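S.K.: Structure for this input, please:
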Amino acid sequence: MKFRLEATPSGTNARAGVITTDHGDIQTPIFMPVGTAGTVKGVHTRELRDDVRAQIILGNTYHLYLRPGMEIISAAGGLHKFNGWDRPILTDSGGFQVFSLAANRKLKEEGAYFRSHIDGSKHLFTPEKTVDIQRVIGSDIMMALDECTPGTADFSYAKKSLDLTHRWLLRGWKHFNETEPRYGFNQAFFPIVQGCTYPELRRESARFVADLGAEGNAIGGLAVGEPTEVMYGMIEVVNDILPADRPRYLMGVGTPANILEAIDRGVDMMDCVMPTRNGRNGMLFTPEGIMNMRNKKWENDFTPIWADSPCEVDRVYSRAYLRHLFIAKELLAMQIASIHNLAFYLWLVGEARRHIIDGTFPVWKAEMVEKVQRRL
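M.R.: Residues are numbered from 1 along each chain as shown. Below you'll find the model as predicted:
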């Protein structure tokens, strides 16, 4: 994997670049739709490619390991062949999912013990095993196993957690370098900076991660309960240390405003379930603000969902029609809304990239942050 910076204008830490993988180039800053179980919910790969214009999608080690299982994915020739997506894929190691199973997991030096949310069966994720699983999945970018600490954790817990994450990281990094890809294309390994909301722990972790010299680096453990301004502060602390010539991936964030603020602070890659999850519940993100498609105000609005959208779906269907579908509980409503929201997120980062290259990002970003938070 290679990363080339194309623009680093003054007045902002925002950057425009290109990540090159064996499955294609990724223009940054980029938003990555989440396909947890090998699919972005309700969206065909054709729609992801042609309507959403996604350049990379995510899969999740925890979910794919449990179902359909590694035997099936291996027999298929990896996730790209299994789900028909021929562009880059990134996989999360499953650390966050294990973290979310607090009542059904135990963390020990050897790894994370957990029970399946599907059938209650017992499993162990070690740093080495998650590398092996991601080798079978065949993602272009794989993540290190870590513990995602709650945003409200005290310093003592956060420090112990960080030390464990760093010990796991060294084991995972060693195993990654001692193993080979299975399907004839290269895979990259991203370590994850942790440290909760404590600047000194974040700096320690960022230095530890930077010293490995991996092809890219991630920032984890944010947007998990801490105030937004604290999250922004932690991004600034970390990006002051992470190497500028490697892509920086902010995990699990967030709203359109969060994304713009993260880009302004030097983040290159982001993902979140919000556009599809909120879309399925009738919330649309637009360049002018947020629309609740169940509101009566859209009942007689026959204008397109988003007249200037690069996505055909937005130009074909009216707001009144989409509201009707939600009220009638038609599945098509969730599909249209998911495609729209993803297309908007990809448009947003694409516009951010254009303004970074033009040198107009700070002014444009200030206007857009105000707009995208409005309720229409």
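S.K.: what residues are up against Asp140?
M.R.: Counting by C-beta atoms under 8 Å, 6 or more residues apart in numbering, Asp140 touches Met1, Thr21, Asp22, His23, Ile56, Pro88, Ile89, Leu90, Phe185, Asn186, Gln187, Ala188. Placement of C-beta: from N, CA and C, glycine included.
S.K.: where along the stretch 1-150 of the chain do the helices fall?
M.R.: Assigned by DSSP state H, counting those that start in this stretch, the stretch 1-150 of the chain shows helices spanning 45-47, 61-66, 70-76, 79-83, 95-100, 127-137.
S.K.: which one of those lies closest to Leu325?
M.R.: Smallest distance to Leu325 across the helices of the stretch 1-150 of the chain (C-beta to C-beta): 16.6 Å, for helix 45-47.
S.K.: re the thing from before, what's the closest of the contacts of Asp140 to Thr152?
M.R.: Nearest to Thr152 among the contacts of Asp140, with distances taken as C-beta to C-beta, is Leu90, at 27.8 Å.
S.K.: how many neighbours does the closest residue to the closest one other than its chain neighbours have?
M.R.: Sequence neighbours aside, Ile141 is the residue nearest to Leu90 in space, at 4.2 Å (criterion: C-beta to C-beta, 6 or more residues apart in numbering). For Ile141, the neighbour count with other C-beta atoms under 10 Å is 27.
S.K.: now Pro243
M.R.: There are 17 residues near Pro243, going by other C-beta under 10 Å.
S.K.: show me what contacts it?
M.R.: Shown in contact with Pro243 (C-beta under 8 Å, 6+ apart): Ala210, Asn217.
S.K.: From Ala206, how far out is it?
M.R.: Separation of Pro243 from Ala206 (C-beta to C-beta, to the nearest Å): 10 Å.
S.K.: Now do the residue nearest to Leu90, the pLDDT please.
M.R.: Note on Ile141: pLDDT of 98.
S.K.: repeat for Asp314
M.R.: The model's pLDDT for Asp314 equals 98.
S.K.: ok so, going back, bridging residues for the residue nearest to Leu90?
M.R.: Leu90, Ala188 (DSSP bridges).
S.K.: hang on, it packs against Pro191?
M.R.: No - shown here, Ile141 and Pro191 do not form a contact pair, counting by C-beta atoms under 8 Å, at 11.7 Å.
S.K.: List phi and psi for Glu180.
M.R.: Backbone geometry at Glu180, expressed as degrees, to the nearest 10, gives phi -120, psi 150.
S.K.: neighbours around it, how many?
M.R.: If we define neighbours as other C-beta under 10 Å, then Glu180 has 9 of them.
S.K.: same check, this time on the one 3 residues further on
M.R.: Using other C-beta under 10 Å, Tyr183 has 16 neighbouring residues.
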